[in-house]
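Peer 1: structure for this input, please:
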Amino acid sequence: MSPAFRNDDKSLNWRTVGYWARSVFAVLLSLTVLVGGGWFVYSKAHDAYIAWRTTDDYIGDGTDPVEVLIPKGASITQIGDILTEDGVVRSTKAFRQAAQDSGQADKLQAGRYELKKELPAETAFAMLLDSDNLVRLKVTFPEGTTDAEQFEIISSKLDVELETVQKAAKQTDKLTSLPEFADGDLEGYLFPSTYEVAEPVKPLSIFASQITQFNKIAEKLSLEGRAEDLGYSPDEVVTVASIIASEVSNVEDQANVAAVIYNRLDADMPLQMDSTVHYAVGKSGKVTTTAEDRKSDSPYNTYVHKGLPPGPISNPGETALEAALHPADVDYKYFVTVNLETGETKFADTLDEHNANVAEFQQWCQANADKGLC
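Peer 2: Below is the predicted model of the structure:
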């Protein structure tokens, strides 16, 4: 111990020790008060800063994900209002300022975006400029679906009233790209594919996209010229393609079905296609028809009326159109799908051969009655 804490006889000088102990305690107490007070002041200042910063804007990385729809033609202020209402930014004022500071306000585009709640306005603006955050609305129409089935798809998948879709389909005068040979009928010309859909959803715009795609494929296949070479009108070829698309699901069978149709027409035989009866009576879901169905006097019933139906019965894709333009060089006049799960289809030249194939189909139906397909 330091000599300063001892008396002349080397014993501890408790008075000096006590003095220094009180001094050290006083210093430590002062430091504690100073640090604690400083932290208190810092906390209050930080809270005040955060409160000031978040008066008009959020800070941080955002919280929960949220989808926001920016309508076409919306101004920066309107977009700011939408983002504020959806909890993305704190205020329209902050968003307007972020847009102005960026110098890229004119690059914002309409659409549905995936953002986060409680974002700084600058971050929200940057996310709107990033196409990776754009949610692309899509709808798919399978090949061989009828207009009515496609209307149901638009209604259910895109949340549009079915009546609105049906009403739009009647405005064919606004669908200027519809081929003249369609004679104002959309059936057969709403090309089946997957389409991106702008919001708000407008069925008429979807139809226009489908017809545009049909026209591209028709031009690619030289539809009108090749139809003339076959001795049929373009609309008749589309009608044949629509039957093909409705009858078989395997692409490799399509040219043979086309051959059956043309062979039966050449032989003045009724087509007797169940798909045309389904169209005539408005049924779907099963491949078979009843005796009552086949008595329908609809011009689409090819059991009653010879020749092609008066127009397409569904919307064919490219392979069905190609098959209708290039039928297989075979003598088949009959066919039947003998396995509805695999789509296996058997073709025949004679009625006896066909009846044997039909018997095979009926056996499949009996063995698979629980599937409800026959």
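Peer 1: mind giving me the packing neighbours of the one helix or strand Q150 maps to?
Peer 2: Taking DSSP states H and E as the definition, one finds Q150 inside helix 147-158. Packing contacts for helix 147-158, counted by 3 or more Cβ pairs under 8 Å, 6 or more residues apart in numbering; DSSP states H and E, involve strand 137-140, helix 162-169, helix 203-220. Backbone N, C-alpha and C define where each C-beta goes, glycine included.
Peer 1: verify the stated contact: V240 with L321.
Peer 2: No. Proximity of V240 to L321 does not meet the contact threshold set by Cβ atoms under 8 Å, at 9.0 Å.
Peer 1: quick one: secondary structure of the closest residue to V277 other than its chain neighbours?
Peer 2: Sequence neighbours aside, T289 is the residue nearest to V277 in space, at 4.6 Å (criterion: Cβ to Cβ, 6 or more residues apart in numbering). Assigned with DSSP: H, G, I helix; E, B strand; the rest coil, T289 falls in the coil class.
Peer 1: just checking, A198 touches A208?
Peer 2: No. Here A198 lies out of contact with A208, judged by Cβ under 8 Å, at a distance of 11.4 Å.
Peer 1: distance from the strand or helix carrying C365 to the middle of the chain?
Peer 2: Secondary structure assignment for C365, by DSSP H and E: helix 351-367. Mean-position distance between helix 351-367 and its chain equals 40 Å (Cα atoms, centre = their mean, to the nearest Å).
Peer 1: same check on stretch 236-251?
Peer 2: 25 Å.
Peer 1: check which residues of it are buried.
Peer 2: Applying a neighbour-count criterion of 16 or more other Cβ atoms under 10 Å, the buried positions in stretch 236-251 are 236-249.
Peer 1: same question, stretch 341-348
Peer 2: E344, T345, K346, F347, A348.
Peer 1: show me what the last one is bridged to.
Peer 2: Note on A348: beta-bridge partners by DSSP bridges are Y334.
Peer 1: now swap in the first one and tell me
Peer 2: The bridge-partner assignment for E344, based on DSSP bridges, gives N339.
Peer 1: count of residues packed around D370?
Peer 2: Burial of D370 is recorded as 6 neighbouring residues (other Cβ atoms under 10 Å).
Peer 1: equivalent analysis for S177, please.
Peer 2: Residues lying near S177 (other Cβ under 10 Å) number 13.
Peer 1: quick one: it is in a strand?
Peer 2: No. When the secondary structure is assigned by three-state DSSP, S177 falls in coil instead of a strand.
Peer 1: now do A208 against T176, distance only.
Peer 2: Here the distance between A208 and T176 works out to 9 Å (Cβ to Cβ, to the nearest Å).
Peer 1: which one's more surrounded, those two?
Peer 2: A count of neighbours by other Cβ under 10 Å puts A208 above the other of A208 and T176, at 16 against 8.
Peer 1: residues contacting the nearest residue to that one once chain neighbours are set aside?
Peer 2: Once flanking residues are discounted, A208 sits nearest to L175: 5.9 Å by Cβ to Cβ, 6+ apart. Listed by Cβ atoms under 8 Å, 6 or more residues apart in numbering, the contact set of L175 reads L186, L204, F207, A208, I211.
Peer 1: touching the strand or helix carrying A324 from outside, list them.
Peer 2: Take DSSP H and E as the rule and A324 turns out to sit in helix 318-325. Residues from elsewhere that reach helix 318-325 (Cβ under 8 Å, 6+ apart): 143-144, 217-218, 220-221, 223, 226-227, 230, 237-238, 240-242, 244-245, 251, 254-255, 257-258, 316.
Peer 1: so that helix versus helix 203-220, what angle?
Peer 2: With axes from the mean of the first three to the mean of the last three Cα atoms, to 10 degrees as the criterion, the two stretches helix 318-325 and helix 203-220 enclose an angle of 50 degrees.
Peer 1: what average pLDDT does helix 318-325 get?
Peer 2: Per-residue pLDDT over helix 318-325 has a mean of 98.
Peer 1: 328 is where my numbering starts, stick with that
Peer 2: Understood, numbering begins at 328; the last thing we discussed is helix 645-652.
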